[in-house]
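Build the 3D model from these lines:
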Amino acid sequence: MPTDQELQDPRLARTRSVVIAAAIELVGECGFGRATIEAIAEKSGVARSTIYRHWGSLPELLHDAMIETVRSQTSVDTGTIRGDLLAIYKELGRFMSTPSFGHIAVSMFAEARRDKKVATLMARFSEGRRRRVVAAIEAGKARGELPDSVDEMTMANDLAAPIFFRAIVLIETVNDEFIEMHVDRWLDHYGYLGSKIG
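Down below sits the predicted model:
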């Protein structure tokens with residue numbers, strides 16, 4: 001993650017942006033296996049020593065590249081669980097609609113089976129997104145929109161899995177219409193009691 005100095009200094013911020021863009025492009029073209037620091041340095045025009053000053057290791061750089069690709073919000077609070085889930089998954093759907101998503105996702109999943117560092121990277125990336133969903137479900141339960149018996153992690157997994165299956169296996173569009181239908185189906189399955197607000 002960028003330091004305060006990197007966020008405040010436009011030159012450092014630009015260097016990070018150029019390197020991350022090169023990493024995303026390289027992964028999309030060649031897969032994680034070819035995304036070395038040397039290859040990223042060549043593509044970005046930024047010296048390896050400079051890249052290592054910003055990131056301690058390749059997995060750290062690739063993690064930041066994936067986070068930047070998704071551009072996740074740090075938190076979501078629309079006031080209702082349905083609104084929160086729609087915001088989270090419509091954002092994910094937009095990411096999945098980008099040209100590079102398929103190459104990046106398939107490469108990441110395949111490489112994770114062979115490389116423990118990439119597996120750790122994928123787990124960190126997935127966990128960050130899952131935490132937002134779990135937080136939305138917890139907030140919904142606290143507002144009385146879902147029964148107390150709902151297991152947050154199980155519901156989060158049930159919501160995520162069909163979206164990735166549709167995008168990666170079926171290679172079908174994950175648009176807002178699909179997300180709304182999908183979220184409503186799972187809210188109904190888990191006993192959605194409706195918003196208590198207003």
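
From now on I want contacts and neighbour counts done on CA atoms only, so please keep to that.
Noted.

So what's the residue count around Gly33?
Residues within reach of Gly33, counting by other CA atoms under 10 Å, total 15.

Apart from its chain neighbours, what residue comes closest to it?
Distance criterion CA to CA, 6 or more residues apart in numbering; nearest residue to Gly33, sequence neighbours excluded, is Glu111 at 6.9 Å.

so who does that neighbour touch?
Glu111 makes contact with 32-33, 118-119, according to CA atoms under 8 Å, 6 or more residues apart in numbering.

other SSEs contacting the longest helix seen in the chain?
In the chain, assigned by DSSP state H, the helix with the most residues is helix 116-142. Counting contacts by 3 or more CA pairs under 8 Å, 6 or more residues apart in numbering; DSSP states H and E, helix 116-142 packs against helix 58-70, helix 81-96, helix 101-112, helix 152-164.

before we move on, the earlier item: please report how far the residue nearest to Gly33 lies from Thr120.
From Glu111 over to Thr120 the distance is 11 Å, taken as CA to CA, to the nearest Å.

tally of neighbours for Glu127?
Residues near Glu127, counting by other CA under 10 Å: 12.

Distance check, it against Ile51.
25 Å.

ok, now Asp9?
In terms of CA to CA, Asp9 sits 16 Å off from Ile51.

From what I see, Val27 and Ile37 are in contact.
No: Val27 is beyond contact range of Ile37, at 11.8 Å (criterion: CA atoms under 8 Å).

Which one's more surrounded, the two?
It is Val27, of Val27 and Ile37, that has more neighbours when counted by other CA under 10 Å, with 24 against 21.

which residues does that one contact?
Taking CA under 8 Å, 6+ apart, one finds 34-35, 103-104, 107 in contact with Val27.

List just the nearest of those to Gly140.
Ile104 (32.6 Å; CA to CA).

Neighbours of that closest one, how many?
Other residues close to Ile104 by other CA under 10 Å number 20.

what's the distance between the residue lying closest to it once chain neighbours are set aside and Arg34?
Nearest residue to Ile104, sequence neighbours excluded (CA to CA, 6+ apart): Gly28, at 5.0 Å. As for Gly28, its distance to Arg34 is 10 Å (criterion: CA to CA).

any idea how far the residue nearest to Ile81 when sequence neighbours are not counted lies from His182?
Nearest non-adjacent residue to Ile81, counting by CA to CA, 6+ apart: Gly140, 4.9 Å away. Noted for Gly140: a distance of 17 Å to His182, by CA to CA.
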